[in-house]
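Colleague: let me see the structure of the following:
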Amino acid sequence: MSRKEAFKFDSGVVLYPFLFGLTIWLVYWFELRFGFDFTSFGVYPRTLSGLKGVVFSPFIHSSIEHLYNNTFPLLILSMALFYFYSNVSWKVILYGMLSSGILTWIIGREAYHIGASGIIYMLSSFIFFRGIFAGYYRLVAVSLIVVFLYGSLVWYVFPVDSSISWEGHLAGFLTGFVFSFFFKEKLPVKRKYQWETEGFKEEQDPFLKHFDEDGNFVPTSELERRMREEEEDQTP
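Modeller: Numbering: from 1, shown residues only. A predicted model of the protein is given here:
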């Protein structure tokens, strides 16, 4: 993949995260406006009816504070995913939602688990570990930014607060970590310099030619004079 083709910006980078964010706000508005409570559509561990939350729970939030705290991380991380990992973005989102939801269903407490925080943890984990494993400087930089912005999230994969679904956070974190091994973005072909090519000799390098065997700098005029003398000596 060429450098021009890699990390190409398109409308989907902003549009898809915006639509997701808009959807979770509309769901919450619908609950308030018409007096509904969709909590029962969350993940309820180890019950057949609780499996519907695997699909619906990311769109349901318990309060305006809960919704607000999830909105901006969701927007920022999903934009980063669609821009830097465009080839695998939809797989990561869809499979990540299902996998983290099912894992929450397996390990969670007997309560309704709702909210998009599981996806947030999945995204932050995937973006961080995938960037480190890829070793490409731009992706490593994104990983460091994720740590700077959301590094404190790691504490909430532990039961530090009984009012939050730490199991959902842990499920998302583990899902993102596992996905970082399997979903790989196509990286630009690394530019190969002349000195990296096979069979390269130091005397062929135009820069090294300006230094003699003792490491002393040779001016261009002197270098050209020596080259003329060598050509004359080789002339029959």
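
Colleague: which secondary structure element of this protein has the lowest mean pLDDT?
Modeller: Using mean pLDDT, DSSP states H and E, the weakest-scoring helix or strand in the chain turns out to be helix 220-234, at a mean of 63.

Colleague: and the lengthiest helix in the chain, C-alpha only, in CSV?
Modeller: Identified as the longest helix of the chain according to DSSP state H is helix 12-34. Only the C-alpha atoms of helix 12-34 are listed here, as CSV (Å, rounded to 0.1, in the frame of the first residue of the first chain):
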residue,chain,number,x,y,z
GLY,A,12,-17.3,8.0,7.1
VAL,A,13,-14.5,8.9,9.6
VAL,A,14,-16.8,11.5,11.1
LEU,A,15,-20.3,10.4,9.8
TYR,A,16,-20.4,6.9,11.4
PRO,A,17,-19.3,7.9,14.9
PHE,A,18,-21.6,10.9,14.8
LEU,A,19,-24.6,8.6,13.8
PHE,A,20,-23.8,6.2,16.6
GLY,A,21,-23.5,9.1,19.1
LEU,A,22,-26.8,10.6,17.8
THR,A,23,-28.5,7.2,18.1
ILE,A,24,-27.7,6.7,21.8
TRP,A,25,-28.9,10.3,22.6
LEU,A,26,-32.1,9.7,20.7
VAL,A,27,-32.8,6.5,22.6
TYR,A,28,-32.3,8.3,25.9
TRP,A,29,-34.5,11.2,24.7
PHE,A,30,-37.2,8.7,23.6
GLU,A,31,-37.2,7.1,27.1
LEU,A,32,-37.6,10.5,28.8
ARG,A,33,-40.2,11.8,26.3
PHE,A,34,-42.5,8.8,26.3
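
Colleague: distance-wise, check the spatially most central residue of the chain relative to Phe59.
Modeller: For the chain, Ile127 is the residue whose C-alpha lies nearest the centre (Cα atoms, centre = their mean; 2.3 Å). Noted for Ile127: a distance of 22 Å to Phe59, by Cβ to Cβ, to the nearest Å. C-betas here are computed from N, CA, C, even on glycine.

Colleague: quick check: buried residues in stretch 179-186?
Modeller: 179-180, 183, 185 (16 or more other Cβ atoms under 10 Å).

Colleague: stretch 65-76 too?
Modeller: 66-67, 69-71, 73-74, 76.

Colleague: would you mind extracting the C-alpha trace of that stretch into PDB?
Modeller: In PDB, the C-alpha atoms belonging to stretch 65-76 read as follows (Å, rounded to 0.1, in the frame of the first residue of the first chain):
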ATOM      1  CA  GLU A  65     -24.300  11.800  33.300                       C
ATOM      2  CA  HIS A  66     -23.800   8.200  32.200                       C
ATOM      3  CA  LEU A  67     -24.700   9.100  28.600                       C
ATOM      4  CA  TYR A  68     -22.500  12.200  28.600                       C
ATOM      5  CA  ASN A  69     -19.400  10.400  30.000                       C
ATOM      6  CA  ASN A  70     -19.700   7.800  27.200                       C
ATOM      7  CA  THR A  71     -20.400  10.100  24.300                       C
ATOM      8  CA  PHE A  72     -17.100  11.900  23.800                       C
ATOM      9  CA  PRO A  73     -14.700   8.900  24.300                       C
ATOM     10  CA  LEU A  74     -17.000   6.900  22.000                       C
ATOM     11  CA  LEU A  75     -16.800   9.600  19.300                       C
ATOM     12  CA  ILE A  76     -13.000  10.200  19.600                       C
END
